[in-house]
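K.L.:
need a 3D model of the sequence below.
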Amino acid sequence: LLSWSMAKSILHAAVGVLVGDGRLDIEARAAVPEWADPADPRHDVTLDQLLAMRDGLDFAEVYTDDRRSNVIEMLFGSGQHDVAAYAASRPLAHAPGTTFNYSSGTSNILARIVGDVVGRGVDYEQFLRSAIFDPIGMTTALPRFDDAGNFIGSSYVYATARDFARFGRLYLRDGVTDDGTRILPEGWVAHGTTPRSSDPEDGRVYGAHWWVVGDDLGSFWASGYEGQSILVCPPLDLVAVRLGRSTEAHVAALTEWRSLVVESVSGAGPTE
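P.N.:
Residues are numbered from 1 along each chain as shown. Down below sits the predicted model:
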């Protein structure tokens, strides 16, 4: 089944592998060709600001088919053949580092930066498999790429529920596989799951390509557009995956469901 934006958290892992190998520096300026001119106001946007969705780009993450929706234009309209180029063409709306704006365009810029290191298309897919999917036994994962060979890291990984749970378990185990192999650098899980921002629309807390529950247990979650989620609660040794197709009207119910799962496993709430 489709990940939608749970793919963003998988992208966080891909960046982490390269950071651990010394091939990317999150504090460095993001290597975006469209922003190469030092006079460009986007020139000094850092990789970490992209990861935290604090790059300042003017990008409307609107899921209705109107002219205000940059995400629909990027994925299904004029930007679909090169999603990163479309996103990188967006101007600034805020000074970099000052404002949180959840943006699938930001993720696709970030995904292209990974591709500039590991290669595009087939080479990119092989990197994802050898660095992340294969070591954790995620055998069904199918990432999708645009015509330019960019991983559409904002939205497109297909896998079974069990395999999405295997990815969640990697973060549950602080980036270490079941056989004890570390594939994410120490501190990388904390990088993604430490609260940094609050969404001004609904108050949800964001880290870096992961959402943060804000409970006393340090739970965090990957979130997809239509209600897909990977909930991770390390103190309870818990990973809970929910796949489906739910409308915006069910957001509150799904939030409550995740909370009840944690309460039930912890013994603090109902068991039915």
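
K.L.:
around Gly81, how many other residues sit close by?
P.N.:
Actually, residue 81 is His rather than Gly. Per other C-beta atoms under 10 Å, the neighbour tally for His81 reads 11. C-beta: built from backbone N, CA, C; applies to glycine.

K.L.:
which ones are touching the nearest residue in space to it that is not next to it in sequence?
P.N.:
Nearest residue to His81, sequence neighbours excluded (C-beta to C-beta, 6 or more residues apart in numbering): Asp147, at 4.3 Å. Going by C-beta atoms under 8 Å, 6 or more residues apart in numbering, Asp147 touches Gln80, His81, Asp82.

K.L.:
just the buried positions in stretch 194-213, please.
P.N.:
194, 196-197, 204-213 (16 or more other C-beta atoms under 10 Å).

K.L.:
any chance of those in CSV, plus secondary structure and distance to Val176?
P.N.:
What follows is the buried residues of stretch 194-213, written out as CSV (DSSP: H, G, I helix; E, B strand; the rest coil; distance: C-beta to C-beta, whole Å):
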residue, secondary structure, distance to Val176
Thr194, coil, 19
Arg196, coil, 24
Ser197, strand, 27
Arg204, coil, 28
Val205, strand, 25
Tyr206, strand, 24
Gly207, coil, 19
Ala208, coil, 19
His209, coil, 19
Trp210, coil, 17
Trp211, strand, 22
Val212, strand, 21
Val213, coil, 22
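
K.L.:
what about the residue nearest to Gly153 when sequence neighbours are not counted, how many neighbours?
P.N.:
Residue nearest to Gly153 in three dimensions, not counting chain neighbours: Ala111, with 3.3 Å by C-beta to C-beta, 6+ apart. Ala111 has 28 neighbours, counted by other C-beta under 10 Å.

K.L.:
helix, strand, or coil at Ala111?
P.N.:
helix (DSSP: H, G, I helix; E, B strand; the rest coil).

K.L.:
before we move on, what about Ser78?
P.N.:
Classified using three-state DSSP, Ser78 is coil.

K.L.:
so who does it touch?
P.N.:
Tyr86.

K.L.:
pLDDT value on it, please?
P.N.:
pLDDT, Ser78: 96.

K.L.:
ok, it to Ser154 distance?
P.N.:
Distance from Ser78 to Ser154, counting by C-beta to C-beta, to the nearest Å: 16 Å.

K.L.:
and Asp134, by the same measure?
P.N.:
23 Å.

K.L.:
and the two? Which one has more around it.
P.N.:
Between Asp134 and Ser154, Ser154 has the larger neighbour count (other C-beta under 10 Å), namely 28 against 14.

K.L.:
and the gap between the more buried one and Val114?
P.N.:
From Ser154 to Val114 the distance is 13 Å (C-beta to C-beta).

K.L.:
so the residue nearest to Gly153 sits against Asn150, correct?
P.N.:
Yes: counting by C-beta atoms under 8 Å, Asn150 is a contact partner of Ala111 at 6.0 Å.
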